[in-house]
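K.L.:
Provided below for reference: sequence and predicted model.
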Amino acid sequence: MNLTYTPEQQAFRAEVRAWLEAHVPKEPLEHYDATREGFEAHRQWEATLKSGDWGMVTWPKEYGGRGLDLIQWLIFEEEYYRAGAPGRVNQNGIFLLGPTLMEFGTHEQKQRFLPPMASGEEIWAQAWSEPQAGSDLAGVRATAVLEGDEYVLNGHKIWSSRAAFADWAFGLFREPGSERHKGMSLIFFRLDQEGVTRNPIRKINGHVGFAEIFLDNVRVPAFNRLGDEGQGWHICMATAGFERGLMLRSPARFQEAAAALAALWQSRKDTCDPALEADVVRAHMNAEAYALNIYQTASRLMAGAKIGPEASTNKIFWSEMDIHLHETALAILGAEAELLPPTGEHEWLDDYIFSLAGPIYAGSNEIQRNIIAERMLGLPR
Amino acid sequence: MDFTLSDEQQMFADTARTLLGDTCTPDHWHKLMEQGAAFDAARWAQIVENGFTLLLLPEAAGGMGLSELDLALIAIEAGYVALPEPLAESAGVGAPLLASLAPEHPALADPAAIIAVAPAINPVVANADIAAAILIEKDGKAFLVKPDQVTLTPAETIDPFRRLFRIAWDESKAEDLGPADWTLALDRASLFAAAQGLGLAQRAVDLAVAYSKDRMQFGKPIGSYQAVKHHLASAQTAIEFARPVVLAAAAEIGHSDVHSRARVSEAKIVALEAAEKAARASIQVHGAMGYSWEVDVHLFLKRALALKAAWGTPAFHRSRIATRIFTQPLGADQTFARQSAKSETEHA
């Protein structure tokens, strides 16, 4: 165990910092879920990132990455959030599908899909949930029928983040007649192709953050299936592992928020309940604990371990810490908490509203607790 | 940057797990409680034989010169069995403190000797009556006394395996060892309390898991019900996020700066919260059995409560973290932030 950065890691941090200082937009971009313009501005930012070769630093060079390790990824993320750089509009692609493609994809699939993902040319949405299959994901009904070298897709997907404006989706489909975890495949389709209808859904913050998708005899090449036919459930669980365990929510995000909270407290403590300081300290402690846990996970993975069911504890921890942090901010703001801030100021209220989604998306926290109890602790189903 | 344990560290911890797990069993707890005893000489001899009491002592004082991280891994195992013997306080705090002040002191010559500590922050002294030496904090200095040079009054505690005493002493009869690093002593004690907390927490969860697989209600094991599962999953989550804090605190403790102190305090708070949370979940899952003396979960709750407030209450430790937050840079790049040792002059 050695908790100091090597000179190379320090130099890497300096390089990232210098590049971001020169390139991060001075004015914040409109949110990518708010309007098409906001979405496209974020796509443009992804292209800028790619121009500096920062699209996805951990991927091999041949697939559009830099070939760096997970500690360097953490350093990159730390600098990224420190610089206040725009949110990653392609997070479903680069953080979820990307690592899964790396593990299960063929060389041709990786060559086809990863580089445009890293550059933001193709932005991805996740199409797993259905009206009747949310927490019980094995209940998906959308079908894929192989006809020659094409799949014909039919069904109704919902709660697909980014799908209102994204280019591609990776969906979970089943062979007609198959049941539960069997017979499912993970298949990619274009969101603008014939037979696809997408209806944006407004979130509680007013953004069109997700969409429902209707598929009516949508034809895609069999090449678009990731992994073997019928392996979809297994692959989805691996994707969910990355999502929950490491990449979806980097510690840097919460550390920056905790730092902003400490500054908010410093500026207002003379007029606040002094007991709130304990919550400000708690927010910092939580963010640090999360960061240390992720550094530990990164080290374990670099030493050859795989992400297991403990990933579910991450999902619970960050989502609950995020709510606590923002509750504390609103308590400090007091009667001003309900007011929308002037442009450019910290959006505590909006972030609080968003934090309430944390225990729901990426697998509800109730499901995560079941996973922990059954797969980590060995309790009966 | 590497957050993994070495094979040697893992091996040492495994040895401790086997040794302590084999001897410090539920039957043994019950026997000790019947006898009103809280110290097992045979086990202490085995602990000594395995070198655990020498682990943190510098080689110059006859020790092994290993690190706080190595001992923390053993303290986790001590917590897992609710170890009565004072491995953490004597070998982890008292002995290294004495070695830093008087490396030639005869009390250090015997690896079985217990070095008790009486810091100003604690109202009572653990194991003072069987100690070869007691180190007392006064005005930043350390004074050494032997049990027969002071008046010890047993202080009854709710934890049947803690032996506590109030101490009355006379400075003129004590050996003045000069200024001592009581902050480091507190850091070490807090760290090892935190490490024990991890073990306590995991044992409380494991006991509840075993019980909830066996206990049938409504025709099914109670562990198949989500209400039960979720209690235990929440406790396990707390453990998963306390452990890396404890390990990082152990790895960084030697810096003795505002960052390392804050991290030790974070470790103490979160690990003992995890222990209390796990013990309470375990009592709830055990139902009425959990409220009985016969089922051993109470031992883990009681030790968690004791260690939570010993060597600084959560409020005390929170103030050390606040010092770090409000005097040092914050943000995503500051996880392993550190002032250089040279610029560090204050000892809060």
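P.N.:
Sure thing, it's come through.
K.L.:
count of neighbours near A:Q44?
P.N.:
Burial of A:Q44 is recorded as 15 neighbouring residues (other C-beta atoms under 10 Å in any protein chain shown). From N, CA and C alone the C-beta is placed, and that goes for glycine too.
K.L.:
pull the residues that contact the helix or strand hosting it.
P.N.:
Using DSSP states H and E, A:Q44 sits within helix A:36-51. Outside helix A:36-51, the residues that touch it by C-beta atoms under 8 Å, 6 or more residues apart in numbering or on different chains are A:23, A:25, A:29-33, A:55, A:64, A:85-90, A:118-121, A:123, A:165.
K.L.:
show me what counts as buried in that helix.
P.N.:
Buried residues in helix A:36-51, counting neighbours by 16 or more other C-beta atoms under 10 Å in any protein chain shown, are found at A:38-43, A:45-46, A:48-50.
K.L.:
how many residues are close by A:L114?
P.N.:
Neighbours of A:L114 under the rule other C-beta under 10 Å: 26.
K.L.:
what sits against it?
P.N.:
A:L114 neighbours (C-beta under 8 Å, 6+ apart): A:59, A:63-65, A:98, A:101-102.
K.L.:
likewise B:Q217?
P.N.:
Contacts of B:Q217 (C-beta under 8 Å, 6+ apart): none.
K.L.:
what does A:Q132 give?
P.N.:
Neighbouring residues of A:Q132 by C-beta under 8 Å, 6+ apart: A:139, A:141.
K.L.:
at 6 Å instead, please
P.N.:
Listed by C-beta atoms under 6 Å, 6 or more residues apart in numbering or on different chains, the contact set of A:Q132 reads A:G139.
K.L.:
could you do A:R17 as well?
P.N.:
Applying C-beta under 6 Å, 6+ apart, the residues near A:R17 are A:E79.
K.L.:
check the one 3 residues further on too.
P.N.:
Taking C-beta under 6 Å, 6+ apart as the criterion, A:L20 is in contact with A:79, A:83, A:85.
K.L.:
what count of nearby residues applies to the nearest residue to the last one once chain neighbours are set aside?
P.N.:
Using C-beta to C-beta, 6 or more residues apart in numbering or on different chains and skipping the chain neighbours, the partner closest in space to A:A85 is A:V24 (4.7 Å). Counted with other C-beta under 10 Å, the neighbours of A:V24 add up to 16.
K.L.:
what's the answer for B:T327, then?
P.N.:
B:T327 sits with 10 neighbouring residues when counted by other C-beta under 10 Å.
K.L.:
quick check: the gap between it and chain A.
P.N.:
Distance of B:T327 to chain A, given as C-beta to the nearest C-beta, to the nearest Å: 11 Å.
K.L.:
now B:H298
P.N.:
21 Å.
K.L.:
now do the host helix or strand of that residue: distance to the chain's middle.
P.N.:
Remark: B:H298 resides in helix B:297-309, with elements defined by DSSP H and E. How far helix B:297-309 lies from its chain's middle: 11 Å, per C-alpha atoms, centre = their mean, to the nearest Å.
K.L.:
touching the helix or strand following it from outside, list them.
P.N.:
Counting by DSSP H and E, the element after helix B:297-309 in chain order, helix or strand, is helix B:314-327. When contacts are defined by C-beta under 6 Å, 6+ apart, helix B:314-327 is touched by residues A:262, A:281, A:284, B:258, B:261-262, B:265-266, B:268-269, B:348.
K.L.:
nearest to chain A: which residue in the stretch 51-200 of chain B?
P.N.:
Nearest to chain A, among the residues of the stretch 51-200 of chain B, is B:L69, at 6.2 Å (C-beta to the nearest C-beta).
K.L.:
please apply the same query to the stretch 1-150 of chain B.
P.N.:
For the stretch 1-150 of chain B, C-beta to the nearest C-beta, closest residue to chain A: B:F3, 3.7 Å.
K.L.:
which residues touch the residue lying closest to that residue once chain neighbours are set aside?
P.N.:
Among residues not flanking B:F3 along the chain, A:S299 sits closest, at 3.7 Å (C-beta to C-beta, 6+ apart). A:S299 sits next to B:2-4 when contact means C-beta under 6 Å, 6+ apart.
K.L.:
mind running it again at 8 Å?
P.N.:
A:70-71, B:1-4.
K.L.:
most surrounded residue in those?
P.N.:
In terms of neighbour count, B:F3 stands highest of the contacts of A:S299 at 23 neighbours, by other C-beta under 10 Å.
K.L.:
rewinding a little: return the list of helices and strands in contact with the helix holding B:H298.
P.N.:
Applying 3 or more C-beta pairs under 8 Å, 6 or more residues apart in numbering or on different chains; DSSP states H and E, one finds that helix B:297-309 contacts helix B:182-214, helix B:258-286.
K.L.:
quick one: these as JSON lines, columns for mean neighbour count, distance to B:D139 and mean pLDDT too.
P.N.:
What follows is these, written out as JSON lines (neighbours: other C-beta atoms under 10 Å in any protein chain shown; distance: least, C-beta to C-beta, whole Å; pLDDT from 0 to 100):
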{"stretch": "helix B:182-214", "mean neighbour count": "25", "distance to B:D139": "10", "mean pLDDT": "98"}
{"stretch": "helix B:258-286", "mean neighbour count": "26", "distance to B:D139": "21", "mean pLDDT": "98"}
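K.L.:
distance to chain A added to these, as CSV?
P.N.:
Shown next, in CSV, are these (distance: least, C-beta to the nearest C-beta, whole Å):
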stretch, distance to chain A
helix B:182-214, 5
helix B:258-286, 5
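K.L.:
my read: A:A260 touches A:E347, true?
P.N.:
No - A:A260 is not in contact with A:E347 according to C-beta atoms under 8 Å; the separation is 10.5 Å.
K.L.:
so who does the nearest residue to A:W159 once chain neighbours are set aside touch?
P.N.:
In this structure, A:W159 finds its nearest non-sequential neighbour in A:S129, 4.6 Å apart by C-beta to C-beta, 6+ apart. When contacts are counted by C-beta under 8 Å, 6+ apart, A:S129 touches A:137, A:157-160.
K.L.:
and which of the residues you listed is nearest B:D110?
P.N.:
B:D110 lies nearest to A:L137 out of the contacts of A:S129, by C-beta to C-beta, at 62.6 Å.
K.L.:
mind listing the strands for the stretch 1-150 of chain B?
P.N.:
Ranges of strands in the stretch 1-150 of chain B, per DSSP state E, counting those that start in this stretch, are B:115-118, B:125-126, B:133-138, B:141-145.
K.L.:
out of the ones you listed, deepest packed?
P.N.:
Across the strands of the stretch 1-150 of chain B, averaging neighbours per residue (mean count of other C-beta atoms under 10 Å in any protein chain shown) puts strand B:115-118 on top, at a mean of 27.
K.L.:
now that strand: how far from the chain's centre is it?
P.N.:
Here the centre of strand B:115-118 is set off from its chain's centre by 14 Å, with C-alpha atoms, centre = their mean.
K.L.:
list of residues touching that strand?
P.N.:
Under the criterion C-beta under 8 Å, 6+ apart, residues B:86, B:89-90, B:93-95, B:97-98, B:107-108, B:125-128, B:131-137, B:167, B:185, B:189 lie in contact with strand B:115-118.
K.L.:
which of the contacts of A:S129 fall within helices?
P.N.:
Taking DSSP state H, every one of the contacts of A:S129 sits outside helices.
K.L.:
of the residues you listed, closest to B:E49?
P.N.:
For the contacts of A:S129, the nearest to B:E49 is A:L137 (54.3 Å; C-beta to C-beta).
K.L.:
contacts only, for that closest one.
P.N.:
Residues in contact with A:L137 (C-beta under 8 Å, 6+ apart) are A:128-129, A:172, A:236.
K.L.:
buried sites along the helix or strand that contains the residue nearest to B:F3?
P.N.:
Counting by DSSP H and E, the element that carries A:S299 is helix A:276-302. For helix A:276-302, burial by neighbour count (16+ other C-beta under 10 Å) applies to A:276-300.
K.L.:
what's the next secondary structure element after it?
P.N.:
helix A:311-333.
K.L.:
can you report phi and psi for the residue located most distally from the centre of chain B?
P.N.:
Distance from the C-alpha centroid of chain B peaks at B:G219, with 41.3 Å (C-alpha atoms, centre = their mean). The phi/psi pair for B:G219 (degrees, to the nearest 10) reads phi 80, psi 10.
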